[in-house]
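Colleague: need coordinates for the below:
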Amino acid sequence: MATVPYEDLEVLYTRQQIAARVAEMGAEITRDLKGEKLVMVGVLKGAAPFLADLARTVDVDATFDFVATSSYGKGLRSSGAVKLIKDLDEPIEGKNVLVVEDILDTGLTLAYLRKLLLQQRPKTLRIAALLDKPSRRIEKIEADYVGFSIPNLFVIGYGMDYAERYRNLPDICLMTPDHPE
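Modeller: Model (predicted):
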């Protein structure tokens, strides 16, 4: 792991490593869809950079929609209660849906979203998570496509935040408890 010049943060994954893995994920999704149309559902706000980059690597007719949930508030730990802040704009019945999430952690958010979206009877429902923290799983849920599996670390950058900060970092960095704010 390297140290980035901005704020002395330790890099877990560089922008080059992220781009390479996202391209591999896009190829897998393209292969699995075999030319069928796709609705990519980004989970706001954290998944926005990942969704944008992933969409450019998926070679199918794709549209975007977004949902927003909340379970973290402004702290380092999930509150455990998931609430929907923004629902889909368009119906997904009979469509191939890919939920695009920045990080699969406890599984509470994605289990909640999966249940909610399956009620709309999509043709298929798959999940792409850039990061997976299996050691933190509370709900039994797995992503169909995973960028990187990581241990229980608090990460920021590439869309992931701490109290809404650091989302714009191009690398995925470690947030340490002693890091100055």
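
Colleague: okay, CA-based contacts and neighbour counts for the rest of this
Modeller: Will do.

Colleague: got the buried residues for stretch 51-63?
Modeller: By neighbour count on 16 or more other Cα atoms under 10 Å, the buried set for stretch 51-63 is 51, 54-55, 57-60, 62.

Colleague: and that stretch, how far apart are its ends?
Modeller: 11 Å (Cα to Cα, to the nearest Å).

Colleague: state the mean pLDDT of that stretch.
Modeller: On average, the pLDDT along stretch 51-63 is 97.

Colleague: ok, stretch 93-106 next?
Modeller: Here stretch 93-106 scores 97 as its mean pLDDT.

Colleague: for stretch 21-29, same thing?
Modeller: Average pLDDT, stretch 21-29: 98.

Colleague: got a list of contacts for it?
Modeller: Residues outside stretch 21-29 that contact it (Cα atoms under 8 Å, 6 or more residues apart in numbering) are 50, 53-55, 57-59, 130, 145-147.

Colleague: ok, and what's touching the lowest-mean-pLDDT helix or strand in the chain?
Modeller: None of the helices or strands of the chain scores lower by mean pLDDT, DSSP states H and E than strand 83-86, at a mean of 91. By Cα under 8 Å, 6+ apart, the surrounding residues in contact with strand 83-86 are 66-71.

Colleague: from the contacts of stretch 21-29, which ones fall inside strands?
Modeller: Under the assignment DSSP state E, the contacts of stretch 21-29 contribute 130, 145-147 to strands.

Colleague: what residues sit buried inside the helix ranked longest in the chain?
Modeller: If you go by DSSP state H, the chain has its longest helix at helix 15-33. By neighbour count on 16+ other Cα under 10 Å, the buried set for helix 15-33 is 15, 18-19, 21-26, 29-30.

Colleague: just checking, what packs against the helix or strand just after that helix?
Modeller: Note on helix 15-33: by DSSP states H and E, the next helix or strand toward the C-terminus is strand 38-44. With contacts defined as 3 or more Cα pairs under 8 Å, 6 or more residues apart in numbering; DSSP states H and E, the packing partners of strand 38-44 are helix 48-55, strand 62-70, strand 96-104.
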